[in-house]
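Trainee: Sharing a sequence plus its predicted fold:
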Amino acid sequence: ETGVTQTPRHLVMGMTNKKSLKCEQHLGHNAMYWYKQSAKKPLELMFVYNFKEQTENNSVPSRFSPECPNSSHLFLHLHTLQPEDSALYLCASSGWREGRNEQFFGPGTRLTVL
Amino acid sequence: GQQLNQSPQSMFIQEGEDVSMNCTSSSIFNTWLWYKQDPGEGPVLLIALYKAGELTSNGRLTAQFGITRKDSFLNISASIPSDVGIYFCAGKLGGSNYKLTFGKGTLLTVNP
């Protein structure tokens, strides 16, 4: 595998379900990110991890719970979601140094909350 | 928060035509990035710009970092059907290692 991978690619869940999204990067990066992409809106940054430490929580509701066990893996645990949480959830990774920190994205998980 | 104005929102062109799109900001950025997103996929990085006035090419794509550091342009020459997709600009403020501000995207349709 190369680049950034995400599983599952599609997920349909009820409001009472608990599910997890997984992201893995094979680029040797130190930083990983969760973004939410909704129609007609710019990408919204949710969480940032640098060397496994969370450095940003962008006022995300507690029904979204991130986990970063190491620099290569990132999870997003979901519980009691709302229909308005339906969106494309994108994971990204980057280096972590002043200057050139291009973010590389995974293919995303299309989430539908019924 | 920061906002990027990306225009146009959408474009319909004929195969072979050149395309131009741009992003403007009220803030000064020290990095501009251009991404392309195909349906059902994540954004793919096309070009990264790091210096005011910088002009960088990637095949038929050329992007420029505006002199004022508040804007950037992406040009696509001799468009082909596989250029179809949504193009996003993203800017990074100085002093931030990671935080990107994204435009809303330009939807490009190429008629063969």
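Mentor: That came in fine, so what should we check first?
Trainee: what about the strands in chain A?
Mentor: Here chain A has its strands, by DSSP state E, at A:4-7, A:10-13, A:18-25, A:31-37, A:44-50, A:53-57, A:64-70, A:73-79, A:87-94, A:104-105, A:109-113.
Trainee: Adding mean pLDDT as columns, could you present those strands in a markdown table?
Mentor: Output for the strands of chain A, formatted as a markdown table (pLDDT from 0 to 100):
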| stretch | mean pLDDT |
| --- | --- |
| strand A:4-7 | 97 |
| strand A:10-13 | 96 |
| strand A:18-25 | 97 |
| strand A:31-37 | 95 |
| strand A:44-50 | 92 |
| strand A:53-57 | 81 |
| strand A:64-70 | 95 |
| strand A:73-79 | 96 |
| strand A:87-94 | 96 |
| strand A:104-105 | 95 |
| strand A:109-113 | 96 |
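Trainee: With distance to chain B added, can I get these in JSON lines?
Mentor: Every C-beta, even on glycine, is put in place using the N, C-alpha and C of the backbone. Listed next are the strands of chain A as JSON lines, based on distance: least, CB to the nearest CB, whole Å:
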{"stretch": "strand A:4-7", "distance to chain B": "8"}
{"stretch": "strand A:10-13", "distance to chain B": "9"}
{"stretch": "strand A:18-25", "distance to chain B": "11"}
{"stretch": "strand A:31-37", "distance to chain B": "6"}
{"stretch": "strand A:44-50", "distance to chain B": "6"}
{"stretch": "strand A:53-57", "distance to chain B": "8"}
{"stretch": "strand A:64-70", "distance to chain B": "14"}
{"stretch": "strand A:73-79", "distance to chain B": "14"}
{"stretch": "strand A:87-94", "distance to chain B": "5"}
{"stretch": "strand A:104-105", "distance to chain B": "4"}
{"stretch": "strand A:109-113", "distance to chain B": "7"}
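Trainee: Save those as a markdown table, and put in distance to residue B:75 and mean neighbour count too.
Mentor: Shown next, in a markdown table, are the strands of chain A (distance: least, CB to CB, whole Å; neighbours: other CB atoms under 10 Å in any protein chain shown):
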| stretch | distance to residue B:75 | mean neighbour count |
| --- | --- | --- |
| strand A:4-7 | 28 | 18 |
| strand A:10-13 | 35 | 14 |
| strand A:18-25 | 31 | 19 |
| strand A:31-37 | 25 | 24 |
| strand A:44-50 | 28 | 20 |
| strand A:53-57 | 33 | 13 |
| strand A:64-70 | 38 | 16 |
| strand A:73-79 | 35 | 19 |
| strand A:87-94 | 25 | 24 |
| strand A:104-105 | 23 | 22 |
| strand A:109-113 | 31 | 18 |
